[in-house]
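Peer 1: structure for the following, please:
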Amino acid sequence: MSFINTNCPVGISIEEVCLEAGYTRLRPIWTSVITTLAGLVPTAYGWGGVKPFLQPMARVRAWGLAFAMPITLFLVPLGTLFVEDAKRGFAKCSGGLVQKTVNLMMVRRRMDCSLRHEGRAA
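Peer 2: Next up, the predicted model:
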């Protein structure tokens, strides 16, 4: 998400930024997950000795990593695209009503803050 948030205001489209984020983060995420799983699997399944106290913890961490990797690599960028598309579609449907409402809320908030600063209540 930080890669997407950093590069989106530069002027690149959100689709290109999400693709670049996936491409850039693929190898680091993949290698860290694979090496961690390679270390956890023997403990989790008792290869080379059974440690009943550590097996449940190792299994939870191994399966958590196995499920978190595709979520991190694929679902987060897809979710970002989905939210951005929904924002664009809602903005088109409302005909600028949302932006006007947000502007009115900001003006109201500034007025309340200035009245509080002067010592008067709104």
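Peer 1: point out where the protein drops to low pLDDT.
Peer 2: Along the chain, the model assigns pLDDT under 70 to residues 1-11, 91, 94-107, 109-122.
Peer 1: how about 50 then?
Peer 2: Judged by pLDDT under 50, the chain has its weakly predicted residues at 122.
Peer 1: list the buried residues in the strand or helix carrying Arg25.
Peer 2: When secondary structure is defined by DSSP states H and E, Arg25 falls within helix 14-45. Buried residues in helix 14-45, counted by 16 or more other C-beta atoms under 10 Å: Ile14, Val17, Cys18, Ala21, Gly22, Ile29, Val33, Leu37, Leu40, Thr43, Ala44. C-beta coordinates here come from the backbone N, C-alpha and C atoms, glycine included.
Peer 1: for Ile29, see how far away Thr35 is.
Peer 2: Distance, Thr35 to Ile29, using C-beta to C-beta, to the nearest Å: 11 Å.
Peer 1: rewinding a little: can I get the buried residues of helix 14-45 in a markdown table including distance to Pro70?
Peer 2: Below are the buried residues of helix 14-45 laid out as a markdown table (distance: C-beta to C-beta, whole Å):
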| residue | distance to Pro70 |
| --- | --- |
| Ile14 | 21 |
| Val17 | 20 |
| Cys18 | 15 |
| Ala21 | 15 |
| Gly22 | 11 |
| Ile29 | 10 |
| Val33 | 10 |
| Leu37 | 13 |
| Leu40 | 17 |
| Thr43 | 23 |
| Ala44 | 19 |
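Peer 1: for those, which one is nearest Cys93?
Peer 2: Nearest to Cys93, judged by C-beta to C-beta, of the buried residues of helix 14-45 is Ile14 at 18.9 Å.
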